[in-house]
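*Asks:* Provide a 3D model corresponding to the input given below.
(one chain, ligands or ions: 1)
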Amino acid sequence: MSYSKSTLSKAAQKLESRRSKAQRIQMARHLEVTEKLPIISKYENQLSETGLSVVKAIGMGSDAQEYIKQLSELNLAVQDKIKSLLKENGYPEDYLEVPYTCKNCSDTGYKGGYVCECRKELLRQLAKEELASVSESEKCRFDNFDLNYYPQPIDSVLGVSPQRRMSDILEYCKCYAEDFDTESESLYMHGATGLGKTHLSLAIANVVAENGYRVIYDTAQNILSSLEKEKFSYSGSSERENEILDCDLLIIDDLGSEFSTQFTVAAIYNIVNTRINRSKPVIISTNLTESELEAKYTQRITSRIIGNYVSLLFLGKDIRQLKNAF
Ligand SMILES: [Zn+2]
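*Replies:* Now for the predicted structure:
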């Protein structure tokens with residue numbers, strides 16, 4: 001599992017703000033209660049005195065244990081007094097405790113050296129939001145992929161029913177998403193425009209990100225222009241490039257629609273090759289045929305993709321046109 005720097009720092013900020021908000025609420029409640037019930041301050045002084053006595057008692061040797069036991073009983077009795085006082089005055093018993101969102105880790109994100117579940121959940125949530133910010137990923141799910149748009153009769157040229165084939169592809173993609181791990185294979189989704197390649201690659205992205213993997217999804221055009229910007233910037237940073245080469249699943253949508261230059265050809269080769277060498281999965285979708293891809297991205301790149309990726313050929317009529325017709 002890996003997350004981008006921005007997701008990690010957003011999670012840290014979020015936990016920090018939960019923590020300070022909870023502490024602020026507690027301070028305000030404390031002011032309110034001690035103004036109304038000043039005796040609570042007296043009890044609190046008693047609590048801090050017993051606390052100090054415990055610290056002193058640690059140096060007392062063998063008698064310490066009994067003494068500490070007495071102190072903690074006293075302490076509990078005072079706490080009970082505070083609780084009943086709060087209750088009598090219409091407050092909840094725990095009104096003066098800091099209302100952390102996660103009681104387990106007090107909103108620090110860690111407990112006993114381990115990452116708390118709340119931090120894991122927060123990271124998953126933020127990664128999903130990040131995905132949604134570059135695409136309409138939320139709308140593209142497996143359960144709303146409609147096979148009815150694909151013709152049922154056997155295509156005379158291809159000898160298969162497009163609907164049947166797409167049903168198999170849908171099933172394969174579901175299994176791929178659910179079983180995804182960092183050693184999953186790469187996918188090469190190809191076929192004419194408007195056949196649901198983006199829909200299925202985003203449906204995979206959603207499930208994989210939900211399972212806690214770091215997914216980057218974007219169009220080839222956006223990926224390439226962000227790399228180009230980084231390459232020619234003065235900062236010398238290669239943060240975006242590292243993320244693209246290192247994330248658990250990289251999805252490059254609509255390869256071939258961008259304007260190709262010497263830079264884009266080299267960048268795509270670098271991505272494809274580096275991720276194959278690192279055994280990291282990629283999903284590439286393209287409307288281009290194999291020979292069009294070769295013409296645009298050289299035979300060297302095309303054969304790396306075709307030789308190493310699982311090929312999924314999408315069939316049917318342009319769904320977007322069909323949908324618009326209704
Ligand atoms: Zn927690």
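*Asks:* secondary structure class of the closest residue to residue 271 other than its chain neighbours, three-state.
*Replies:* Counting by CB to CB, 6 or more residues apart in numbering, residue 244 is the residue found nearest to residue 271 once chain neighbours are left out, at 6.3 Å. Where C-beta positions appear, they are placed from N, C-alpha and C, glycine not excepted. Applying DSSP: H, G, I helix; E, B strand; the rest coil to residue 244 yields a three-state assignment of helix.
*Asks:* check contacts around residue 244.
*Replies:* Residues in contact with residue 244 (CB atoms under 8 Å, 6 or more residues apart in numbering) are 216, 223, 227, 250, 271.
*Asks:* how far away is it from the ion?
*Replies:* Using CB to the ion, to the nearest Å, residue 244 is found at 31 Å from the ion.
*Asks:* please apply the same query to residue 193.
*Replies:* Residue 193 is 46 Å from the ion, by CB to the ion.
*Asks:* chain neighbours aside, what residue packs nearest to that residue?
*Replies:* In space, and not counting its chain neighbours, residue 193 is closest to residue 287: 4.5 Å by CB to CB, 6+ apart.
*Asks:* you'd agree the one you found is up against residue 256?
*Replies:* Yes: taking CB atoms under 8 Å as the definition, residue 287 is a contact partner of residue 256 at 6.6 Å.
*Asks:* now do residue 231 against the ion, distance only.
*Replies:* Residue 231 is 40 Å from the ion, by CB to the ion.
*Asks:* how about the host helix or strand of residue 121 and the ion, any contact?
*Replies:* Assigned by DSSP states H and E, residue 121 falls within helix 117-134. Yes: Helix 117-134 lies within reach of the ion by CB under 5 Å from the ion, at residue 118.
*Asks:* give the rounded mean pLDDT of that helix.
*Replies:* Mean pLDDT, helix 117-134: 86.
*Asks:* give the other helices and strands that the strand or helix carrying residue 264 contacts.
*Replies:* Taking DSSP H and E as the criterion, the element that holds residue 264 is helix 262-277. Other helices and strands packing on helix 262-277, by 3 or more CB pairs under 8 Å, 6 or more residues apart in numbering; DSSP states H and E, are helix 220-231, helix 239-246, strand 249-253, strand 282-286, helix 290-308.
*Asks:* could you rerun that using 6 Å?
*Replies:* Where contact means 3 or more CB pairs under 6 Å, 6 or more residues apart in numbering; DSSP states H and E, helix 262-277 is packed against helix 220-231, helix 290-308.
*Asks:* go through the first one and flag the buried ones.
*Replies:* By 16 or more other CB atoms under 10 Å, the buried positions in helix 220-231 come out as 220-225, 227, 230.
*Asks:* then the longest one?
*Replies:* Within helix 290-308, the residues that qualify as buried are 290, 293-294, 296-297, 301-302, 304-305, counting by 16+ other CB under 10 Å.
*Asks:* average pLDDT across stretch 225-239?
*Replies:* Averaging pLDDT along stretch 225-239 yields 84.
*Asks:* how long is that stretch end to end?
*Replies:* End-to-end distance of stretch 225-239 (CA to CA, to the nearest Å): 14 Å.
*Asks:* residues contacting that stretch, please?
*Replies:* The contact list for stretch 225-239, computed with CB atoms under 6 Å, 6 or more residues apart in numbering, reads 240-241, 263, 267.
*Asks:* buried residues in the longest helix along the chain, which are they?
*Replies:* Secondary structure of the chain per DSSP state H: the longest helix is helix 5-36. Buried residues in helix 5-36, counted by 16+ other CB under 10 Å: 7, 10-11, 14-15, 18-19, 22, 26, 29-30, 33.
*Asks:* how about stretch 41-58?
*Replies:* 46, 50, 57.
*Asks:* show me which residues of the stretch 201-326 of the chain are close to the ion?
*Replies:* Within the stretch 201-326 of the chain, no position is adjacent to the ion by CB under 5 Å from the ion.
*Asks:* where does the residue nearest to residue 193 land on pLDDT?
*Replies:* We have a pLDDT of 94 for residue 287.
*Asks:* just give me the neighbour total for it.
*Replies:* For residue 287, the neighbour count with other CB atoms under 10 Å is 19.
*Asks:* over to residue 186?
*Replies:* Neighbour count of residue 186, defined by other CB under 10 Å: 19.
*Asks:* what does residue 116 give?
*Replies:* A count of nearby residues for residue 116, using other CB under 10 Å, gives 19.
*Asks:* in contact with it, which residues?
*Replies:* Taking CB under 6 Å, 6+ apart, one finds 104-105, 109-110 in contact with residue 116.
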